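Peer 1: Everything below, folded, please.
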Amino acid sequence: MAGSPALLLLLGLGLCCPGIQGQAYKMTAKFRDSSITHPRLGQQLELECLGAREDSGVFWVRQDKDGTLHFIVFISSLSRTTFKGNEKTSTHFEARKYSSVYYLVVKSFMPGDEGNYFCLMNSNQMLYFSRGQPAFFP
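Peer 2: Next comes the predicted model:
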């Protein structure tokens, strides 16, 4: 994230100022398997983001216990992924889009992955954030 001050500013504005989110779209981030309440060590964890009808892609971000934001991936509307460090792939995460649903997979959930996961979208110069999906060990 150090190389993206503009993204940090946009994220900060979205977190501090609820009015910036608007009401045009309702985004939801959740575990794909609704029976999961807490991840297990080493478990593959899949999250989904239900986005808008019209979009230009979705960002997945994790907020750790200290409140620090960690960019994970941007998934374009054409299903192209860009992970941290401008990488096209990741050894720890997978990401994809199917229809209007954006998926994030943590391949093997570890203590450093704990946090609140949320997705966000920029549409017509407005930021839309999902509510965070907590993912913490019991």
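Peer 1: How far off centre is the lengthiest strand in the chain?
Peer 2: Across the chain, the longest stretch assigned as strand under DSSP state E is strand 115-123. Put simply, strand 115-123 sits 4 Å off its chain's centre (CA atoms, centre = their mean, to the nearest Å).
Peer 1: And it, what does it pack against?
Peer 2: helix 5-16, strand 28-31, strand 58-63, strand 101-106, strand 126-129, strand 133-135 (3 or more CB pairs under 8 Å, 6 or more residues apart in numbering; DSSP states H and E). (C-beta placed from N, C-alpha, C; glycine too.)
Peer 1: buried stuff in the fifth one?
Peer 2: Applying a neighbour-count criterion of 16 or more other CB atoms under 10 Å, the buried positions in strand 126-129 are 127-129.
Peer 1: I'd like to know which elements it is packed against.
Peer 2: Counting by 3+ CB pairs under 8 Å, 6+ apart, the elements that strand 126-129 packs against turn out to be helix 5-16, strand 115-123.
Peer 1: Pull up the pairing partners for that strand, direction included.
Peer 2: strand 115-123 (antiparallel) (DSSP bridges).
Peer 1: Mind checking the pLDDT average for the partner strand?
Peer 2: If you average the pLDDT over strand 115-123, you get 91.
Peer 1: quick check: angle from it to strand 58-63?
Peer 2: Strand 115-123 and strand 58-63 meet at an angle of 150 degrees, taking axes from the mean of the first three to the mean of the last three CA atoms, to 10 degrees as the criterion.
Peer 1: got the angle for strand 115-123 vs strand 101-106?
Peer 2: 150 degrees.
Peer 1: Send me strand 115-123 as PDB with only the CA atoms.
Peer 2: Taking only C-alpha atoms (Å, rounded to 0.1, in the frame of the first residue of the first chain), the coordinates of strand 115-123 have been written out as PDB:
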ATOM      1  CA  GLY A 115      -9.200  -9.200  10.200                       C
ATOM      2  CA  ASN A 116     -12.300  -7.700   8.700                       C
ATOM      3  CA  TYR A 117     -12.600  -8.300   5.000                       C
ATOM      4  CA  PHE A 118     -14.500  -5.900   2.800                       C
ATOM      5  CA  CYS A 119     -14.900  -5.000  -0.800                       C
ATOM      6  CA  LEU A 120     -15.200  -1.600  -2.300                       C
ATOM      7  CA  MET A 121     -16.100  -0.200  -5.700                       C
ATOM      8  CA  ASN A 122     -15.600   3.200  -7.400                       C
ATOM      9  CA  SER A 123     -18.500   4.100  -9.600                       C
END
